[in-house]
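In: Got a sequence here, can you model it:
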Amino acid sequence: MMRWIRIVVALCLTAALGVSIYFGIMPFALACLVVVAALAYGWPRLTDSPQPRATTLMLLVLGVVGMATVWFAPTAPYLDWLPIVAGVGLLWAFVQNLVRGIGASHAVVNVSAQVAGLVIVLSAASWVGAIQVPGDKEAVIVGLVAILLAQAATVVPWPPRYTSPLALLLAVLGAAVTATIMVDGSLNLWGAVGLGFAMGLLVAATDRILGLVARSRLQTRELRKERRRDKARLLTVQMALGAAPIALGGIVVYVIERILLFR
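Out: Model prediction:
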């Protein structure tokens, strides 16, 4: 039952992004910040961080900073400052773990999880870059529909060898139908199919990888003592699982829009 929470999270986030795009960049950026906040809070619980509050603070602060650098970028490609923000986050993660002490347990795992979370959080800023690319925003809507349908397929109680192809199929069909309905957009049918295929692969891969993390053994002593030991049943974990593909999808949409701009 808890698996369906990620679909509710994904539906709310994609709806917020899809609706806000028609009201300007500021409402859209605020919707992207909601994605960042969901990831910042859920990611440390998903990866079983020994410093959940500090990791949440790091991801939230750097996610907001990354969003601001893209928003205030004067010219394309808008993402110039994100590598610098990522570098600052890497230093932050190292310093945060050094504060724990030399003999702290699971230090390498914790740093790796923090860096991975940072990359995903900063990927959400790509949505703000995508909306600033000249032209209509059909690719954003098509991408959001493909992500949502693919995520719906991943929560079906079947083995991954069935849900992954289903996610790919639904993403392609959803993208094609959406592009057909939006007849005045710049994204043709084959472009929409390619975008849907990329989104389906992204969601399927993310579900397989993060699903293994969600089902892994708890590391921190405090969480082991909890009555509910299964991380996949925690609400915050499902929040992260629902928000992560949406954040990563911004990169795909941004790249597709840049290709369409210079075709």
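In: what stretches of the stretch 101-250 of the chain score poorly on pLDDT?
Out: 103, 183-185, 217-233 (pLDDT under 70).
In: where along it do the helices fall?
Out: Remark: helices assigned in the stretch 101-250 of the chain by DSSP state H, counting those that start in this stretch are 107-123, 125-132, 138-154, 160-181, 189-214, 221-224, 235-261.
In: Let me have these in JSON lines, adding mean neighbour count and distance to residue 67 as columns.
Out: C-betas here are computed from N, CA, C, even on glycine. Listed next are the helices of the stretch 101-250 of the chain as JSON lines, based on neighbours: other C-beta atoms under 10 Å; distance: least, C-beta to C-beta, whole Å:
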{"stretch": "helix 107-123", "mean neighbour count": "20", "distance to residue 67": "9"}
{"stretch": "helix 125-132", "mean neighbour count": "25", "distance to residue 67": "5"}
{"stretch": "helix 138-154", "mean neighbour count": "27", "distance to residue 67": "16"}
{"stretch": "helix 160-181", "mean neighbour count": "19", "distance to residue 67": "26"}
{"stretch": "helix 189-214", "mean neighbour count": "20", "distance to residue 67": "20"}
{"stretch": "helix 221-224", "mean neighbour count": "12", "distance to residue 67": "30"}
{"stretch": "helix 235-261", "mean neighbour count": "23", "distance to residue 67": "11"}
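In: Mind checking these for the one nearest to residue 26?
Out: helix 125-132 (10.2 Å; C-beta to C-beta).
In: angle of the closest one against helix 138-154?
Out: Put simply, helix 125-132 runs at 140 degrees to helix 138-154, going by axes from the mean of the first three to the mean of the last three C-alpha atoms, to 10 degrees.
In: so how far is helix 125-132 off the chain centroid?
Out: 13 Å (C-alpha atoms, centre = their mean, to the nearest Å).
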